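Visitor: sequence first, predicted coordinates after that:
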Amino acid sequence: MYVLCIVAAAVISSLLAVVTSYLLIKGFSSVSLDFFTKVPTGDPSDPGGMRHALEGTVMLLAMASAVGVPLGILVGIYLSEYTPEWWLVAPVRFICDVLAGVPSIVIGILGYELLVVPMGHFSGYAGALALAFIMVPIVARTTEEMLRLVPQSYREASMGLGATRSQTIVKVILPAATGSIVTGVMLAMARVAGETAPLLFTAATSRLLPRDPSQPFPSLTVQIYHYVSGPYESQHKLAWAGMIVLIGLLLIINVSLRYAASRSVRLK
């Protein structure tokens, strides 16, 4: 079994290395300063850069996380810490499991009908809410499972010292599971950062720098989709470069969150 585990780890690592190497070969030559500083020109022979899409992706992730992460953590706390007392726990857990498996294009269509149609136009807010909707069940179920791994003796010791349930959750249970919860948050962010279908139906795209989230909003995944589906080789190369930068952005987010979580645990 030890050898099998090593083989499985090697296979997964080699697949990651193959994908990363292929992306670097196809798109590294197109990654330049112009990619990060210029916006699309509209000229297929000189497409410009993707500064607008990079900024838009970061802003969409920030807005989606501001809604989805706190809500998901609160739902996870409810599912983990109030299970014996509330009949609503089982339905909520079942709904989270169902929502986690809903195809993203369905969420995009629902976002279009519930947000875009009433507003009368595409917007960054609609795109962020669609991404937050995807994040909530992932964060909630991960948080629940991680909190359940905290030994029951922690809760008993805290309450034995006179702490209330809310104080126990905030000052004992959550700090003990911080690293694991951050891992769940990273999984949710990685999932939504690569989504295209929900944004096609809600945020659409724009060639302008993202300044007003109430208007059509650019994103890296949608821009890559439009470039790849087009007939121009110059745009194809820029799309490959966009894929590399997207993976790099996810790597930076993951490393930053892990560092922040580990530092928080050391300080406590």
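Guide: Received the coordinates, thanks.
Visitor: separation between the closest residue in space to Ser104 that isn't next to it in sequence and Ser80?
Guide: Leaving aside its chain neighbours, Ser104 sits nearest to Ala197 (4.8 Å; criterion: C-beta to C-beta, 6 or more residues apart in numbering). (Glycine included, C-beta is placed from N, CA and C.) Separation of Ala197 from Ser80 (C-beta to C-beta, to the nearest Å) stands at 31 Å.
Visitor: more crowded one of these two?
Guide: Between Ala197 and Ser80, counted using other C-beta atoms under 10 Å, the more crowded position is Ser80 (21 against 18).
Visitor: ok, now which ones touch that one?
Guide: Ser80 makes contact with Thr143, Glu144, Leu147, Arg148 under the criterion C-beta atoms under 8 Å, 6 or more residues apart in numbering.
Visitor: so where does it fall, helix or strand?
Guide: Using DSSP states H and E, the element containing Ser80 is helix 51-81.
Visitor: now for the very next helix or strand once past that helix, which elements pack on it?
Guide: Moving toward the C-terminus from helix 51-81, the first helix or strand encountered (DSSP H and E) is helix 89-100. Applying 3 or more C-beta pairs under 8 Å, 6 or more residues apart in numbering; DSSP states H and E, we find helix 89-100 packed against helix 51-81, helix 124-148.
Visitor: and the longest one, what's buried?
Guide: In other words, helix 51-81. Buried positions in helix 51-81, judged by neighbour count with 16 or more other C-beta atoms under 10 Å: 51-61, 63-65, 67-69, 71-73, 75-81.
Visitor: got the angle for that helix vs helix 124-148?
Guide: Orientation check (axes from the mean of the first three to the mean of the last three C-alpha atoms, to 10 degrees): helix 51-81 against helix 124-148 gives 40 degrees.
Visitor: quick one: mean pLDDT for helix 51-81?
Guide: Helix 51-81 shows a mean pLDDT of 92.
Visitor: tell me the centre residue of this protein?
Guide: For the chain, the residue sitting closest to the mean C-alpha position, by C-alpha atoms, centre = their mean, is Met189 at 1.6 Å.
Visitor: so that one sits in a helix?
Guide: Yes - using DSSP: H, G, I helix; E, B strand; the rest coil, the assignment for Met189 is a helix.
Visitor: can you show me the helices along the stretch 151-268 of the chain?
Guide: For the stretch 151-268 of the chain, helices defined by DSSP state H, counting those that start in this stretch occupy the ranges 152-160, 165-168, 174-176, 178-193, 197-202, 220-228, 233-267.
Visitor: nearest to Ser30, of those?
Guide: Closest approach to Ser30 among the helices of the stretch 151-268 of the chain (C-beta to C-beta): helix 233-267, 3.8 Å.
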